[in-house]
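K.L.:
sequence unavailable; structure follows:
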């Protein structure tokens, strides 16, 4: 909710938690068509050495994280325009609670434009404090009216 000039490196936003349910996983699979066995087949997912049971889609986690930190009101954040360095680190299981922490790590005014770029270090954690996803969110943020 801050204009570009009001943001400082290290500014942090924390949002959540949000519980991931089996219904969320099944709806996401049906909606997107991503029916990979680790999301849909308990026995096959349990046999996978990475999972040990059904897990949430990585992109469901990203979507939930975005839903936690966005504000429905217009401005000063104009748009998210990308993600960099995305890594899924720990499986997310039904019943896990996700929290997202964003920390401003680069602020770049655009010369001659009414906005600038902000790069946020993003860490999505579960209820145990384990990082389940890390990435940079790239946003365009309005400058204050002069």
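P.N.:
Yep, that arrived. Since we're looking at a predicted model, the values are computed, not measured. Residues are numbered from 1 along each chain as shown.
K.L.:
make it CA atoms for all contacts and neighbour counts henceforth
P.N.:
Fine.
K.L.:
flag every buried residue along stretch 14-30.
P.N.:
For stretch 14-30, a neighbour-count test (16 or more other CA atoms under 10 Å) marks 15, 16, 17, 18, 19, 20, 22, 25, 26, 28, 29 as buried.
K.L.:
and the helix or strand the third one falls within, which strands flank it?
P.N.:
What that stands for is residue 17. For residue 17, the host element (DSSP states H and E) is strand 12-19. Looking at strand 12-19 with DSSP bridges, its partner strands are strand 97-109 (antiparallel).
K.L.:
related to what we said a few turns ago, could the buried residues of stretch 14-30 go into JSON lines alongside distance to residue 101 and pLDDT?
P.N.:
As requested, these are exported to JSON lines (distance: CA to CA, whole Å; pLDDT from 0 to 100):
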{"residue": "15", "distance to residue 101": "7", "pLDDT": "97"}
{"residue": "16", "distance to residue 101": "9", "pLDDT": "96"}
{"residue": "17", "distance to residue 101": "11", "pLDDT": "98"}
{"residue": "18", "distance to residue 101": "13", "pLDDT": "98"}
{"residue": "19", "distance to residue 101": "16", "pLDDT": "98"}
{"residue": "20", "distance to residue 101": "17", "pLDDT": "98"}
{"residue": "22", "distance to residue 101": "24", "pLDDT": "98"}
{"residue": "25", "distance to residue 101": "22", "pLDDT": "98"}
{"residue": "26", "distance to residue 101": "26", "pLDDT": "98"}
{"residue": "28", "distance to residue 101": "23", "pLDDT": "98"}
{"residue": "29", "distance to residue 101": "26", "pLDDT": "98"}
